[in-house]
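Visitor: just coords:
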């Protein structure tokens with residue numbers, strides 16, 4: 001009653017009254033007069049998937065989502081080689097007139113990020129490239145976004161995090177506590193500098209630090225060049241600091257506040273396509289029907305989590321965090337990544 005008074009709902013009704021209202025609105029089913037006219041979700045999805053245009057002039061949307069890893073990557077990751085190859089193919093495709101890169105990544109491998117950025121930079125020289133940032137486009141996610149016509153971010157996008165880290169694992173104490181020891185024979189004092197069996201020596205740490213410094217300086221130079229900002233200014237707003245989309249716009253790291261549709265519209269405008277264009281998405285995304293079912297029913301993983309007891313739920317969260325470690329595969333152990341896993345609910 002209070003919901004009706006506050007106009008949150010129109011009326012209260014039982015299921016049979018709802019069905020009667022549907023019959024009144026849609027008309028009775030010709031084959032079953034006790035039912036109402038309806039179509040299956042599959043038929044509805046097929047109608048929704050039909051586009052009103054069929055053009056040889058394409059706007060390509062590339063979804064870059066997950067940790068950036070070296071190589072091809074697994075589902076849910078951004079493979080440096082695979083994404084670079086996809087960008088290169090779109091650059092060579094004469095039907096593709098502009099590209100929107102949708103970035104939702106906390107970063108990852110520095111080498112893979114640079115491989116991707118190289119191809120995005122080459123693409124930008126030939127065709128409009130518009131960046132659309134999702135929940136997070138930070139560190140390596142920002143690295144691959146810099147060379148573009150325009151960067152769109154949501155007001156609450158987490159971006160920036162212009163910084164570099166080196167991860168050096170050391171399992172010595174853990175192994176020793178479990179009765180495992182190592183004996184090493186080597187040709188020189190740096191021959192086993194990547195070992196996990198002991199802490200790094202001061203000389204090894206100095207070498208690693210120099211690599212981090214060099215990559216960080218390269219990061220600053222590329223941001224300064226692509227964003228047309230003084231390097232000193234970039235150095236002030238870098239230092240690994242994260243920024244919201246709103247603040248990032250104020251300091252020049254992004255251009256506009258807006259979503260994916262805004263980025264697509266700007267790509268169409270920049271490429272001067274008018275109404276003669278068609279959208280293509282890479283990689284192949286879920287069908288409209290799959291998205292709708294997942295939205296209303298939830299994914300199997302989500303439903304499973306919701307049905308678990310609190311302890312199991314927490315253990316699954318820990319498992320997810322540990323799985324993220326598998327994406328740390330940079331050959332030099334150098335990363336441009338947020339130092340935490342970010343999730344926006």
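Guide: Good, I have the coordinates. Since the structure is predicted, the reported quantities are computational estimates derived from the model, not experimental observations.

Visitor: beta partners of residue 337?
Guide: Beta-bridge pairing for residue 337 (DSSP bridges): residue 107.

Visitor: can you check residue 131 too?
Guide: Applying DSSP bridges, one finds that residue 131 bridges with residue 101, residue 151.

Visitor: pull the number of nearby residues for it.
Guide: Other residues within reach of residue 131, judged by other Cβ atoms under 10 Å, total 27. Placement of C-beta: from N, CA and C, glycine included.

Visitor: and the one 3 residues further on, by the same measure?
Guide: Residues contacting residue 134 under the criterion other Cβ under 10 Å number 20.

Visitor: contacting residues around the closest residue in space to it that isn't next to it in sequence?
Guide: Computed as Cβ to Cβ, 6 or more residues apart in numbering, the closest residue to residue 134 that is not its neighbour in sequence is residue 104, at 3.4 Å. By Cβ atoms under 8 Å, 6 or more residues apart in numbering, the contact set of residue 104 is 63-66, 133-137, 141.

Visitor: what's the distance between the host helix or strand of residue 104 and the middle of its chain?
Guide: Per DSSP states H and E, residue 104 falls inside strand 96-105. The chain centroid and the centroid of strand 96-105 are separated by 11 Å, computed with Cα atoms, centre = their mean, to the nearest Å.

Visitor: quick one: mean pLDDT for it?
Guide: Strand 96-105 shows a mean pLDDT of 96.

Visitor: quick one: which helix or strand includes the residue nearest to residue 126 when sequence neighbours are not counted?
Guide: What sits nearest to residue 126 in space, not counting adjacent residues and going by Cβ to Cβ, 6+ apart, is residue 91, at 5.9 Å. According to DSSP H and E, residue 91 maps onto helix 80-92.

Visitor: next, count neighbours for residue 164.
Guide: 25.

Visitor: swap in residue 101?
Guide: 26.

Visitor: could you measure from it over to residue 59?
Guide: Remark: distance between residue 101 and residue 59 (Cβ to Cβ, to the nearest Å) = 12 Å.

Visitor: please report phi then psi for residue 235.
Guide: Per-residue torsions, residue 235: phi -60, psi -30 (degrees, to the nearest 10).

Visitor: for residue 252, see how far away it is.
Guide: Taken as Cβ to Cβ, the span from residue 235 to residue 252 is 13 Å.

Visitor: and if you look at residue 213?
Guide: 24 Å.

Visitor: neighbour count winner among these two?
Guide: A side-by-side neighbour count of residue 213 and residue 252, using other Cβ under 10 Å, places residue 252 first with 15 against 11.

Visitor: name the SS class of that one, please.
Guide: Applying DSSP: H, G, I helix; E, B strand; the rest coil to residue 252 yields a three-state assignment of coil.

Visitor: what's the spacing between stretch 190-206 and its chain's center?
Guide: In this view, stretch 190-206 has its centroid 34 Å away from the chain centroid, taken as Cα atoms, centre = their mean.

Visitor: okay, buried residues for that stretch please.
Guide: For stretch 190-206, a neighbour-count test (16 or more other Cβ atoms under 10 Å) marks 192-193, 195, 200, 204 as buried.

Visitor: just the closest of these to residue 116, please.
Guide: Of all these, the one with the least separation from residue 116 (Cβ to Cβ) is residue 193, at 27.7 Å.
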